[in-house]
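S.K.: take a look and give me a structure for this.
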Amino acid sequence: MALIKSVNGLTPKWGKACYFSENATIVGEVTLGDNCSVWFNTVIRGDVAPITIGDRTNVQDGTCIHVTNKIGPTVIGSDVTIGHNATVHACTIHDGALIGMGATLLDFCEVGEEAMVAAGALVLQNTKIGPGELWGGVPAKFIKMTKPGQSRANAIHYVEYSKWYMEE
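M.R.: Next up, the predicted model:
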């Protein structure tokens, strides 16, 4: 079982059929919806502001999700994929978005519905990525529009993958 830790009286909560890898860490004011998965070596730390994650969202290996003290929650929608080793800090990610491996999202940025952030991208503070847009680079810039539904496909697969691990 993952390390689930309360801090300052704040305890993580989650819905049904969630999978947490044995060495994932979830701390403080964190709320996850149904059918979420949190993979190996991931840290979700809601110690100084809340983190909210919707249904069927997967947070892949080595990711760090955090907040900014008292002013910066992190809000992540449903059907979101956050790729391996991403850093997500005090920002908003809307439904169906995909955050590529090794991407970094800084305070108060916003990723629109079904938008994609390319692997290794650096999304600067206060950046607004519109629905269905693909952004990449350092710093991240608009590249093109995505195909409808393109970013949600991964989230569906990860609900299935998590079932393999829950059966063991």
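
S.K.: CA only for contacts and neighbour counts going forward, please
M.R.: Fine.

S.K.: near residue 144, how many other residues are there?
M.R.: 12 (other Cα atoms under 10 Å).

S.K.: which strands or helices does the lengthiest strand in the chain pack on?
M.R.: Counting by DSSP state E, the longest strand found in the chain is strand 43-53. The criterion is 3 or more Cα pairs under 8 Å, 6 or more residues apart in numbering; DSSP states H and E, and the helices and strands that strand 43-53 contacts are strand 25-32, strand 64-66, strand 74-76.

S.K.: residue 75 and residue 54, how far apart?
M.R.: The gap separating residue 75 from residue 54 is 8 Å, by Cα to Cα, to the nearest Å.

S.K.: same question, residue 110
M.R.: 16 Å.

S.K.: what packs against the helix-or-strand element of the chain with minimal mean pLDDT?
M.R.: Ranking every helix and strand in the chain by mean pLDDT, DSSP states H and E puts helix 153-167 at the bottom, with a mean of 87. The contact analysis (3+ Cα pairs under 8 Å, 6+ apart) places helix 153-167 against strand 19-20, strand 37-38, strand 58-59.

S.K.: rerun at 6 Å
M.R.: With contacts defined as 3 or more Cα pairs under 6 Å, 6 or more residues apart in numbering; DSSP states H and E, helix 153-167 has no helix or strand neighbours.

S.K.: got the contact list for the residue nearest to the spatial centre of the chain?
M.R.: The centre of the chain sits closest to residue 82, judged by Cα atoms, centre = their mean, with a distance of 4.7 Å. Under the criterion of Cα atoms under 6 Å, 6 or more residues apart in numbering, the contact list for residue 82 reads 59, 60, 99.

S.K.: mind listing the residues bridging to it?
M.R.: residue 59, residue 99 (DSSP bridges).

S.K.: how much space between it and residue 7?
M.R.: 25 Å.

S.K.: what's the answer for residue 154, then?
M.R.: 32 Å.

S.K.: the more surrounded of these two?
M.R.: Ranked by neighbour count (other Cα under 10 Å), residue 154 and residue 7 place residue 154 first, with 19 against 14.

S.K.: spit out the contact partners of that one.
M.R.: Contacts of residue 154 by Cα under 6 Å, 6+ apart: none found.

S.K.: 8 Å - rerun?
M.R.: residue 81 (Cα atoms under 8 Å, 6 or more residues apart in numbering).

S.K.: that one and residue 3, how far apart?
M.R.: 25 Å.
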